[in-house]
Every structure is written in C-alpha cells, then in structure tokens.
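**Student:** I need the structure of the sequence given here:
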Amino acid sequence: MADIQPIVKWKELRREVAYKKYSRKIEEVIFELPNGQESDFYVKSEGPASSILALTADQQVITVRQFRPGPNEVLLELPGGYIDTDEDPIDAARRELLEETGYTGDVEFVVTALDDAYSTMRRSCFVATNCRKVAEPENTDTEQTEVVLMALDEFRAHLRGGQLTDIESGYLGLDHLKLL
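**Tutor:** Below is the predicted model of the structure:
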C-alpha cells in the first residue's frame, strides 16, 4: 500500500490580473503543487456578497424575478448583491432587500458560505422574518426586479429545481428557521 500524503495548502507563487472590467476580475494564480511542480489556475476575484431569505409574517418567501447575465435567463432569485467597501454585511443585506423588493424585516445572520472552488467570493447568508412592504423596488438600467411572493412549499420545490444562483442561501436560511 502506497503512503498516503496529507492534503496540504498549496504555496502561491504569484498572482496577476488577467482580465478586469467593472467589478469583475479574473486572476491567473500560479501555485507550487506538493510534488514541486508549478500549475496555473484562473480565479474569479470577487468581493464579498450578501444574500437574504426573506419571509412575510404569513410565511410567504420574497423572491425577485430578474435577468441574470451568466445563465442568460430570467430567474426567480433571493435578494442580494455585493457588499460595499466598509459596509457591514447585515447592512448590505438590509439594503439589498429594500432596494430589490421594497420590503424590510427582522434580519438575522446565518452563516458565511463560499461561492465556488474558483472564486474568492464569500457570501454572507441572512434570513429576514416578519417582512413588510415599505417602498417600491429601486430598479436601475442594469437591474430590474419584479417581486414574487412564494408559498413555502412552492419555494422548496423551486430550490430543488436548481434554477437560482443563490441556492445555498435558500437551504441554509430554511434550515436556520427550522422550515426545511
């Protein structure tokens, strides 16, 4: 039987921006592998984000229908977005909920999740309960949303269908609220 080597963190040798436009950046990262060889990887260098599972007092999940450029589809999503520089993640969650839906509620932190294996993004996941509408959504040229309220069973089915980009926030939020 061959000796099993422990999994170790690779040594980063260098990093440089391969592409940058707007808030998106792709970096080429060169690592020294445990066997001594060098290998390059392309990593999405993204700032932190927040996402929020929001429920009305009568347990309706607040989602937003919006166009998503990556999948090139109109999807039903949870409110969320990038956290501004020097902004607290919970404030970003409250801001995104209000901007995208016009709702506010009692916001609570759940967990910070990794986005994917080739991204630097860390997504702060929140829940909001007892949500109520206090304004209209603040649409922009690049972000138009339509608020869609979903019954819990309908939202669970939507999560199982995999057609949203913040699935982890939905599952983690429902689990946190003991509604999974």
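**Student:** mind giving me the domain ranges of the chain?
**Tutor:** 11-44, 49-176 (automatic domain parsing).
**Student:** looking at those, which is closest to Asp3?
**Tutor:** domain 11-44 (12.7 Å; CB to CB). Any C-beta I mention is one placed from the backbone N, CA and C, and that applies to glycine too.
**Student:** Let's see stretch 81-95 as CSV, backbone CA atoms only.
**Tutor:** This file holds the C-alpha atoms of stretch 81-95, laid out as CSV (Å, rounded to 0.1, in the frame of the first residue of the first chain):
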residue,chain,number,x,y,z
GLY,A,81,-25.7,41.6,-4.0
TYR,A,82,-22.2,42.9,-3.4
ILE,A,83,-21.2,44.4,0.0
ASP,A,84,-19.9,47.9,-0.5
THR,A,85,-16.5,48.9,0.8
ASP,A,86,-16.6,49.5,4.6
GLU,A,87,-20.3,48.3,4.7
ASP,A,88,-21.3,45.8,7.3
PRO,A,89,-22.7,42.6,5.7
ILE,A,90,-26.0,42.9,7.7
ASP,A,91,-26.4,46.4,6.4
ALA,A,92,-25.8,45.2,2.9
ALA,A,93,-28.5,42.5,3.3
ARG,A,94,-31.0,45.1,4.6
ARG,A,95,-30.1,47.5,1.8
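**Student:** For the domains of the chain, give me a markdown table that also has mean pLDDT.
**Tutor:** What follows is the domains of the chain, written out as a markdown table (pLDDT from 0 to 100):
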| stretch | mean pLDDT |
| --- | --- |
| domain 11-44 | 95 |
| domain 49-176 | 96 |
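**Student:** Out of those domains, which one sits most buried?
**Tutor:** domain 49-176 (a mean of 17; mean count of other CB atoms under 10 Å).
**Student:** What is the end-to-end distance of that one?
**Tutor:** 19 Å (CA to CA, to the nearest Å).
**Student:** Helices of the protein, start to end?
**Tutor:** Ranges of helices in the chain, per DSSP state H, are 89-101, 152-161, 167-176.
**Student:** what's the closest of those to Leu33?
**Tutor:** helix 167-176 (28.9 Å).
**Student:** what's next to the closest one, contact-wise?
**Tutor:** Residues from elsewhere that reach helix 167-176, judged by CB atoms under 8 Å, 6 or more residues apart in numbering: 51-53, 78, 80, 108, 110-111, 113, 123, 125-127, 155-156, 159, 164, 180.
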